[in-house]
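**Student:** Fold the following for me, if possible:
(2 chains)
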Amino acid sequence: MGDDTLFKHESLQDLDTVIAYLEAVRDGFTRRRLTFTDQEREIVLEPKGLVRFDLEAKCKGQGCKLTLKFAWKDRPTDEETGNLTIAAG
Amino acid sequence: MSDILVAEGIAENFRFMVLEVTKQVENAWKLLDTRNPKLVESISSRDDYIDVLKSVIENKCFSAINRVGAADRRVVNQLRAMTTLASNLERIADFAENVVAQTEYLKDFDFLKRYDYGKFFSEILQALGLCHDAFIKRDMGLAFRICRSEFSLDYLYKVQFDRILNELRSGAETENLITSHLILRYLERMGDALLNVGEAIIFAVVGEKFKIKQYEALKENLAKSGIETPISDLEFQSIWGSRSGCRIGRVQAPPDPAKVSGGVLFKEGAKRKILREKENIERWEAIMPGLPPRILSVQQEDSQASMLVEFLDGCTYQEVVLNAEMSVVQNATFVLEQTLLYVWEHTKSFGPGQADFLTQLKSRLPDVYRLHPFLKETPKTVGGVQAPSLELLLARLEPDATKLISPFTVFIHGDFNINNIVYDHAAQSIRFIDLHRSKLSDYLQDVSVFLVSNFRLPIFEEPLRERLNWSARNMYAFAKRYAEQSKDATFQARLCLGLARSYITSARFELNKRFVKDMFLRGVYLLDRMAAHKGKPWEEFTLPEDSILF
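**Tutor:** Below you'll find the model as predicted:
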């Protein structure tokens, strides 16, 4: 990764389908690999390291909303960068 | 002077501003001498132009600071100093206008002449005449002369004030006396503004706030240390010359063993703090000669003390990490690690030691919340998952954390952030500065402060971040190897606690909310991991290593 990427999807769902989506995301986290595709391309997110997790639940009148946000750094690992450490003593 | 000041036209605006303010002061003087009413009009119309110039300079400086960011502190310091110059010059122009406004109430212009106001004006104009060159040529000698005008003006004012007070007692000429006093008072206040101007120029040159009120203490210190001419251009130029623009490439010249660092650094503050630093410097010198800066002299008064220390050649480790070629960074890191190994091995004393991270954290927490009240949270649950608050975590951890002790102690720096380490590439040496917190303690206090001092820099450009991450990763690997060799089995748990403490308390120095939250949450996360370990031996705890990387 490293290139800027954006995948967006909006829909209306029944609760059973919502659960299917949540499970897909959950499986993706478990496998450390979330895949999103549209006609043109496939976008893969590989969660790693520490994940910033923001959760917001709110109701205003009859309108309710749950927002989940996960953010992490797609930083290359030591092996990928060939990072050198300097031996001391 | 940095190019940005020229490119943005700030240098030119500044030149005009000095000229305009000088003209205002000259005209105010002329008005008092000649009572020419045309001057009143000219002074009032010029004042608007000066206000505009001030705004233009400020706008340009703030937008340039924004663009330059934290990466080039020298340029940022110059821009900051320039905003101080502009606002104080404008203040001087305002005072000139105030003087003019007072003349309306002066029944007899000749009356004022007895108070020698010409001397005030000469002093002010002389100092104004130095402002441009002092700033543009970064001339410390000129800056000091500007500062000194404040002392001369204070003295002139005091003499005339006493005289006016005496005359008031006679009961005659009350109106003229009051008005004369007000005029002299405005002239004296121009001196205050000139002092700010001089100090801002010094700040632009040396990068540290240097309060000229400490001038007398400095003079005594210089005399005591055997430096002959107290405030000459030369000595202070060496300060400016050695630490500015710290971009080093390869070794420029073979190190000269006879070379003595030319600059001096003046420190002044609470007696206890200064004397503690002095003792620590002596102790460091005994442990590893040359590691701390040399003390040139110390002055003590009732509650204050001051000290002249050698100003070290070279760059801070932070500047090296951010700016130098990678080979130089590696070299500096190697020398730093060798230095730490030497210090740790030579001061190691077996027996339990504790840095008491939790107490440190709790004592600084009120300051964090005062600055960022939004960080204060209550415990929450999401379904069956509990999200404890920081306070709850601290309470849970406390009984177990007190059992977390280091198997040995070493003499630690005490404020080991990457800005307090100076690397001299030519001499291939590492030196420590700001040593007032040094003591025997857990070496992981220094390691955790070092690691977080990389993280907490508000620098977000990826290439620079990679360098800071490199520095943190490297120190972590080094400390981990040392822990393994020293059979320090609770290394990871203690480091985790130290990191949590530094992340959370660092929030009190930062204003960027997003970044503050990132550091705070990182600290809370680490404490949460430790709380989750409860009941198991600390030797088995694993630090989430990603927590040291941005």
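**Student:** Can you name the residues in contact with stretch B:434-444?
**Tutor:** Contact with stretch B:434-444 is made by B:273-274, B:276-277, B:280-281, B:283-284, B:292, B:344, B:347, B:349, B:353-355, B:405-406, B:409-415, B:420, B:479, B:482, B:491, B:494-495, B:498, as judged by C-beta atoms under 8 Å, 6 or more residues apart in numbering or on different chains. Bear in mind the C-beta positions are built from the backbone N, C-alpha and C, glycine included.
**Student:** Mind giving me the PyMOL select for the residues you listed, buried ones only?
**Tutor:** Command for PyMOL that selects the buried part of the contacts of stretch B:434-444, burial taken from 16 or more other C-beta atoms under 10 Å in any protein chain shown:
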select buried, chain B and resi 274+276+277+280+281+283+284+292+344+347+353+354+355+405+406+409+410+411+412+413+414+415+420+479+482+491+494+495+498
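**Student:** residues contacting B:Cys81?
**Tutor:** Not Cys; residue B:81 is Ala. Listed by C-beta under 8 Å, 6+ apart, the contact set of B:Ala81 reads B:Phe135, B:Ala200, B:Ile201, B:Phe203, B:Ala204.
**Student:** Does B:Gly498 touch B:Tyr476 like I think?
**Tutor:** No. Contact criterion C-beta atoms under 8 Å: B:Gly498 and B:Tyr476 do not qualify, at 11.8 Å.
**Student:** okay, and the common contacts of these two?
**Tutor:** B:Val447.
**Student:** rewinding a little: so which of the contacts of stretch B:434-444 are also by chain A?
**Tutor:** Contacts with chain A are made by none of the contacts of stretch B:434-444, judged by C-beta under 8 Å from any C-beta of the partner chain.
**Student:** From the contacts of stretch B:434-444, which land in strands?
**Tutor:** B:Ser349, B:Gly353, B:Ser406, B:Thr409, B:Val410, B:Phe411, B:Ile412 (DSSP state E).
**Student:** Per-residue pLDDT of the last one, please?
**Tutor:** Meaning B:Ile412. Looking at B:Ile412, its pLDDT is 97.
**Student:** bridging residues for it?
**Tutor:** B:Lys439 (DSSP bridges).
**Student:** Same question for A:Lys69.
**Tutor:** Note on A:Lys69: beta-bridge partners by DSSP bridges are A:Asp54.
**Student:** Pull the distance from the helix or strand containing B:Lys30 to the chain's centre.
**Tutor:** Per DSSP states H and E: B:Lys30 is located in helix B:10-34. Distance of helix B:10-34 from its chain centroid, counting by C-alpha atoms, centre = their mean, to the nearest Å, is 32 Å.
**Student:** That helix - what's its average pLDDT?
**Tutor:** Confidence over helix B:10-34 (mean pLDDT, whole number) is 93.
**Student:** right, and the helix or strand after that helix?
**Tutor:** Proceeding N to C from helix B:10-34, the next assigned helix or strand is helix B:37-68, under DSSP H and E.
**Student:** any idea of the angle that next one forms with helix B:10-34?
**Tutor:** 160 degrees (axes from the mean of the first three to the mean of the last three C-alpha atoms, to 10 degrees).
**Student:** Using ChimeraX, make a named selection holding only the buried ones among the contacts of B:Ala81.
**Tutor:** Listed next is the ChimeraX selection for buried residues among these, using 16+ other C-beta under 10 Å:
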select /B:135,200,201,203,204
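**Student:** can you map out the strands along the chain?
**Tutor:** Answering for chain A, as no chain was given. Using DSSP E, the strands found in chain A span residues A:34-37, A:42-45, A:52-60, A:63-71.
**Student:** oops, I was thinking of chain B
**Tutor:** Under DSSP E, chain B gives strands at B:264-270, B:295-300, B:304-310, B:315-316, B:349-353, B:380-382, B:385-387, B:406-412, B:421-424, B:429-432, B:439-441.
**Student:** what about the closest residue to B:Leu361 other than its chain neighbours, how many neighbours?
**Tutor:** Distances taken as C-beta to C-beta, 6 or more residues apart in numbering or on different chains place B:Arg501 nearest to B:Leu361, at 4.3 Å, with adjacent residues excluded. The tally of other residues near B:Arg501 (other C-beta atoms under 10 Å in any protein chain shown) stands at 26.
**Student:** Low-confidence stretches in the stretch 151-300 of chain B?
**Tutor:** Along the stretch 151-300 of chain B, the model assigns pLDDT under 70 to residues B:207-264.
**Student:** residue contacts, whichever residue of it sits closest to chain A?
**Tutor:** As assessed by C-beta to the nearest C-beta, chain A sits closest to B:Met288 within the stretch 151-300 of chain B, at 15.2 Å. Residues near B:Met288 by C-beta under 8 Å, 6+ apart: B:Thr339, B:Tyr342, B:Val343, B:His346.
**Student:** please redo it, this time with the cut-off set to 7 Å
**Tutor:** B:Tyr342, B:Val343 (C-beta atoms under 7 Å, 6 or more residues apart in numbering or on different chains).
**Student:** Give me the phi and psi for it.
**Tutor:** With angles defined as degrees, to the nearest 10, B:Met288 sits at phi -150, psi 100.
**Student:** Name the residues of the helix holding B:Lys30 that come out as buried.
**Tutor:** B:10-11, B:13-14, B:17-18, B:20-29, B:31-32.
**Student:** Could you list the low-pLDDT ranges of chain A?
**Tutor:** Along chain A, the parts satisfying pLDDT under 70 run over A:1-3, A:77-89.
**Student:** If you drop the residues flanking it in sequence, what lies closest to B:Ser303?
**Tutor:** Distances taken as C-beta to C-beta, 6+ apart put B:Lys271 closest to B:Ser303, at 5.5 Å, once the chain neighbours are dropped.
**Student:** before we move on, back to that, quick check: the farthest pair among the ones in strands among the contacts of stretch B:434-444?
**Tutor:** B:Ser406 and B:Phe411 (13.2 Å; C-beta to C-beta).
**Student:** Grab the longest helix from chain A for me.
**Tutor:** When chain A is parsed with DSSP state H, its longest helix is helix A:15-30.
**Student:** relative orientation of that one and strand A:63-71 in degrees?
**Tutor:** Interaxial angle, helix A:15-30 versus strand A:63-71 (the same axes, to 10 degrees): 10 degrees.
**Student:** how much distance is there from helix A:15-30 to the middle of the chain?
**Tutor:** Centroid separation between helix A:15-30 and its chain, computed with C-alpha atoms, centre = their mean, is 12 Å.
**Student:** Packing partners of it?
**Tutor:** On a contact count with 3 or more C-beta pairs under 7 Å, 6 or more residues apart in numbering or on different chains; DSSP states H and E, helix A:15-30 meets no helix or strand.
**Student:** List the buried residues for it?
**Tutor:** Applying 16+ other C-beta under 10 Å to helix A:15-30 flags A:Gly28 as buried.
**Student:** Would you tell me which residues of the stretch 301-450 of chain B are close to chain A?
**Tutor:** Residues of the stretch 301-450 of chain B lying near chain A by C-beta under 7 Å from any C-beta of the partner chain: B:Gln330, B:Thr333, B:Phe334, B:Glu337, B:Gln338, B:Leu341, B:Val382.
**Student:** and the fifth one, how many neighbours?
**Tutor:** It stands for B:Gln338. With other C-beta under 10 Å as criterion, B:Gln338 counts 13.
**Student:** sorry, back to before: so what's in contact with B:Ser406 and B:Phe411 at the same time?
**Tutor:** Residues touching both B:Ser406 and B:Phe411 (C-beta under 7 Å, 6+ apart): none.
**Student:** And the contacts of the helix holding B:Lys30?
**Tutor:** Here helix B:10-34 has contacts from B:1, B:5, B:36, B:39-40, B:42-43, B:46, B:49-50, B:53, B:56-57, B:60-61, B:82, B:85-86, B:89, B:92-93, B:96, B:99-100, B:103, B:109, B:112, B:117, B:121, B:124-125, B:128, B:131-132, B:136, using C-beta under 7 Å, 6+ apart.
**Student:** again, only using 6 Å
**Tutor:** B:5, B:39, B:43, B:46, B:50, B:53, B:56-57, B:60, B:89, B:92-93, B:96, B:99-100, B:121, B:124-125, B:128, B:131-132 (C-beta atoms under 6 Å, 6 or more residues apart in numbering or on different chains).
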